[in-house]
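Undergrad: What follows is a protein structure lacking sequence information:
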């Protein structure tokens, strides 16, 4: 059996051209609220910027199920006001997920982000962005405007005080294996009475 043999038993026909179908997905409308869970959380960098990168998977409403929303939380932004907003966003996400990151009292590592944030359902309000790329093509997508607990009053209270004294930086620990990313678990939403859809 050849490597390039199709499931039909035929050999792949080489023409130099192939279209896999699909296409650009239209972003969700401005102001859409969804129930979503983080399925990937890590530090990332682009063009000299260092940020927390989250990938959300939409669980509800059903019409948007399994759509992905990408979020860059720029907690190292040199602009103090933008950095503060990013820190408040990360703190809110963490509070809705149980408050483990704030309890660290130090900058989280990839494993800390993954262990604290993956598979914790919360409500997102989405905005929509549009911009032209370097080729002049108009691109669009969604961004996370707001996060909220799955149920009113359900956010965890962070264990670190809001105005905590400065914490000395952690001493680098020996290299440790990064926890493998967990696949999103099937979550049963037993009480959706607080969900706005």
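TA: Thanks, I have the structure now. What you see is a predicted model; the values in this text were computed from it and never measured.

Undergrad: what's downstream of the lengthiest helix in the chain, the next helix or strand?
TA: Longest helix in the chain by number of residues, with DSSP state H as the criterion: helix 80-97. Once the chain leaves helix 80-97, the next helix or strand it forms, by DSSP states H and E, is helix 100-104.

Undergrad: by contact count, what packs against the next helix or strand after that following helix?
TA: Counting by DSSP H and E, the next helix or strand C-terminal to helix 100-104 is helix 110-117. Applying 3 or more Cβ pairs under 8 Å, 6 or more residues apart in numbering; DSSP states H and E, one finds that helix 110-117 makes contact with strand 33-46, helix 80-97, helix 100-104. No exception for glycine: its C-beta is placed from N, CA and C like everyone else's.

Undergrad: Would you confirm that residue 145 contacts residue 126?
TA: Yes - at 6.3 Å, residue 145 counts as touching residue 126 under the criterion of Cβ atoms under 8 Å.

Undergrad: Between these two, which is the more surrounded one?
TA: residue 126 (24 against 15; other Cβ atoms under 10 Å).

Undergrad: That one falls within a helix, correct?
TA: No - judged by DSSP: H, G, I helix; E, B strand; the rest coil, residue 126 forms no part of a helix; its state is strand.

Undergrad: who's it bridged to?
TA: residue 144 (DSSP bridges).

Undergrad: Which residues outside the longest helix of the chain are in contact with it?
TA: Outside helix 80-97, the residues that touch it by Cβ atoms under 8 Å, 6 or more residues apart in numbering are 38, 51-52, 54, 73-77, 100-102, 116-117, 120, 122, 144, 147-150, 154-158.

Undergrad: please redo it, this time with the cut-off set to 7 Å
TA: Under the contact criterion Cβ atoms under 7 Å, 6 or more residues apart in numbering, helix 80-97 has outside partners 52, 73-75, 77, 100-102, 116-117, 120, 122, 147, 149, 155-156, 158.

Undergrad: Inside strands: which ones of the residues you listed?
TA: 52, 73, 122, 147, 149 (DSSP state E).

Undergrad: Can you get me a residue count around the fourth one?
TA: To tie it back to what came earlier, the one meant is residue 147. Using other Cβ under 10 Å, residue 147 has 21 other residues around it.

Undergrad: repeat for the first one
TA: The local packing of residue 52 (other Cβ under 10 Å) involves 23 other residues.

Undergrad: How about the last one?
TA: Number of residues near residue 149 (other Cβ under 10 Å) recorded here: 18.

Undergrad: From residue 87, how far off is the nearest residue to residue 57 once chain neighbours are set aside?
TA: Counting by Cβ to Cβ, 6 or more residues apart in numbering, residue 39 is the residue found nearest to residue 57 once chain neighbours are left out, at 4.7 Å. Per Cβ to Cβ, to the nearest Å, residue 39 is found 23 Å from residue 87.
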